[in-house]
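>>> Can you look at this prediction? I've put the sequence above it.
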Amino acid sequence: MKVKQLINTIRWGLMLVILLLAPPAFSTTESETGTPEQVIQYLQSSLLHVMQNGEKLGYDGRYKYLEPVIDQSHDISLIIKTILGATYWSQLDPTQQALMVETFRQLSIATYAGRFTQHEGEQFRIIEQRNLPRDQVLVRSQLTKSDGGTVNFDYVLHLDQGHWRITNILFDGVSDLAIKRGEYRSILQRSGFQALIDMLKEKIASTRLNPQ
């Protein structure tokens, strides 16, 4: 009996040691998707990287580097659907919808590659994260420029298939969605689908030739 008790004691002792030494468990959401703040930190650290290496990378290098970053951090499909609105979106056939999403995706990456071209001491910092209605989250951040001026970036994110993704960005309080909504819908209404695609492609080409 004493031998059995000793064996059981040793067995439970070994199990306790294993539990104590085991790494802490994380939920699927925490380990695989990160928090909304981490998504923004990932985006902004990537932007700083291309700024610091902007001349060396060139436009094509910056585009290639940022492409997977934008794909992971932005819900491009939802953004363009929201810009066009349910009425206009439903009027497009599946081929047109796919072309619209891909063209807008390319423009989004091109815009980042064309704007974040050099680094002069700029720094990003996260200010706060707060919950919004409809299971959305707002992450407020600020870019401090080399001259001491600041630009406020407010990111709205939602959970998409287990991943936090950006659905809107406000620059100093101005909604990027609102600006594009008025412009894109006006072109659709006035000139149709192909005219909108042509306009987006012109913007992509212009960004490549004339980085800001």
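Now that the structure is in, tell me what you want to look at.
>>> how many neighbours does Asn210 have?
Asn210: 8 surrounding residues under other CB atoms under 10 Å. To be clear about C-beta, it is placed using only N, CA and C from the backbone, and glycine gets the same treatment.
>>> Phi, psi for it please.
phi -130, psi 70 (degrees, to the nearest 10).
>>> mind checking pLDDT for it?
Note for Asn210: predicted pLDDT of 81.
>>> Enumerate every residue touching it.
Gly114 (CB atoms under 8 Å, 6 or more residues apart in numbering).
>>> Same check on Gly85?
Arg181, Arg185.
>>> Could you do Gln97 as well?
Residues in contact with Gln97 (CB under 8 Å, 6+ apart) are Trp89.
>>> Which strand or helix spans it?
helix 94-115 (DSSP states H and E).
>>> Just the buried residues of that helix, please?
For helix 94-115, a neighbour-count test (16 or more other CB atoms under 10 Å) marks 97, 99-101, 103-114 as buried.
>>> How about stretch 193-211?
Buried-residue list, stretch 193-211, by 16+ other CB under 10 Å: Phe193, Leu196, Ile197, Met199, Leu200, Lys203, Ile204, Thr207, Pro211.
>>> In contact with the closest residue in space to the second one that isn't next to it in sequence, which residues?
Across the structure, with CB to CB, 6 or more residues apart in numbering as the measure, the residue nearest Leu196 apart from its sequence neighbours is Ile187 (4.7 Å). When contacts are counted by CB under 8 Å, 6+ apart, Ile187 is found next to Ala195, Leu196, Met199.
>>> And these, which is closest to Met51?
Using CB to CB, Met199 comes nearest to Met51 of the contacts of Ile187, at 27.7 Å.
>>> if we can go back for a sec, now the residue nearest to Leu196, what are its backbone angles?
phi -70, psi -40.
>>> Low-confidence stretches in this structure?
Along the chain, the parts satisfying pLDDT under 70 run over 1-33, 212.
>>> Which parts of it are strands?
Using DSSP state E, the strands assigned to the chain run over residues 123-132, 136-144, 150-160, 163-171, 174-175.
>>> Any idea how far apart the tips of stretch 47-56 sit?
14 Å (CA to CA, to the nearest Å).
>>> Quick check: the gap between Arg125 and Gly148.
Distance, Arg125 to Gly148, by CB to CB, to the nearest Å: 14 Å.
>>> the more surrounded of these two?
Arg125 (12 against 6).
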